[in-house]
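>>> Build me a model:
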Amino acid sequence: MPNRPKVFISRTIPAEPLARIEAECEVTMWPHDTPPSVAELHAAVANVDGLMSMLTERIDAALLDAAPNLKVISQFAVGIDNINVAAATARQLPVGNTPGVLTEATADQAFALLLAAARRLVEGVEYVRNDDWQTWYPLQLLGSTVSGATLGIIGLGRIGHAMAQRAKGFGMRILYHGGSNQDFAADVGAEQVSLDTLLSESDFVSLHCPLTPQTKHIINAAALSRMKPSAILINTARGGVVDSAALLHALQTHQIRYAALDVTDPEPIAADHPLVHLPNCIVVPHLGSATWQTRTAMGMLAADNLLAGLRGERLPNCVNPEVYG
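Below you'll find the model as predicted:
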């Protein structure tokens, strides 16, 4: 079929959204699990009308200059900190993302990490695998009680609210800092407090804020020093909201008890990074939205944004609506 728009997808996506795009477009999809290099990405977008990007691609002014025919950028994610949105807006390029559909899966992951850290599940698995389980005794791998504990949520947006709903089922006291949706707070009985109060009173601190200049390293050495020695930190937001060096020191010196990280800085984190090998730190590879159902739903939203942009229609989920005047 002539005049089909050309699209580059920077990683393999689920079959259903891919078929939807292929029905209308000429598609090139990066076939590897690792992302294209800068040079490979620039070459791939040179003649395309649409780009579906992942968090791992840097979509900056130089890349946009390398793609003179580009009409739309569709991000296969909620976060857009890898995209220079201002540069896209200056070129009248709409940028789409995939909000909402990954809320429940990411909250599931955050609460799973909370429970795994609290009850030292990863250590327990290794304990059995290493043949250390010889008997039962009263001080064996003691963890932290979750029921009735205090959960501090930094960023009470959609995912933070879903995390709080899970905590409510465990009878937890919920504090929050950041996020102004009073309906969310009222639904879970969350108390808005200062960051200092949240850090000093919480047994668990869970991060759900976007990465911005204001939130970069919001968990730094000073913040960690204000947390309880028994506190557990959970991060399913972005790696950059935590100062990794400060966290490493806090865990090594038992300034806080535990950390459970779905995201890291840098990301991916090297296998020989000290955080990976601490007994009181769980690191998993950014699995927040990693269910078949969620990734397919994300793909369908990303496809909707991509196809709308190629047709000259308003994107269903556009992060820079000012391009429409």
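>>> Name the nearest residue to Arg120, ignoring sequence neighbours.
What sits nearest to Arg120 in space, not counting adjacent residues and going by C-beta to C-beta, 6 or more residues apart in numbering, is Gly143, at 4.7 Å. Where you see a C-beta, it was placed from the backbone N, CA and C, and this is true even at glycine.
>>> how much space between that neighbour and Val122?
11 Å (C-beta to C-beta, to the nearest Å).
>>> for Ile80, same thing?
Following C-beta to C-beta, the distance that separates Ile80 from Val122 is 32 Å.
>>> Compute the mean per-residue pLDDT across the host helix or strand of Ala19, please.
Assigned by DSSP states H and E, Ala19 belongs to helix 15-22. Model confidence over helix 15-22, given as mean pLDDT, is 98.
>>> Touching that helix from outside, list them.
7, 9, 27, 29, 52, 296, 299-300, 302-303, 306-307 (C-beta atoms under 8 Å, 6 or more residues apart in numbering).
>>> confidence score at Met1?
47.
>>> Widest-spaced pair of the contacts of helix 15-22?
With distances taken as C-beta to C-beta, the most widely separated pair in the contacts of helix 15-22 is Val7 and Thr296, at 18.2 Å.
>>> Neighbour count for those two, which is higher?
For Val7 versus Thr296, the count of surrounding residues by other C-beta atoms under 10 Å is larger for Val7: 25 against 16.
>>> close enough to count as contact, the more buried one and Val48?
Yes: Val7 sits in contact with Val48 when judged by C-beta atoms under 8 Å, with a separation of 6.0 Å.
>>> which residues do those two both contact?
Any residue near both Val7 and Val48 by C-beta under 8 Å, 6+ apart counts here, and that gives Thr28.
>>> Now do stretch 188-204: distance to the chain's middle.
Mean C-alpha position of stretch 188-204 versus that of the full chain (C-alpha atoms, centre = their mean, to the nearest Å) differs by 22 Å.
>>> avg pLDDT for it?
The pLDDT scores in stretch 188-204 average 98.
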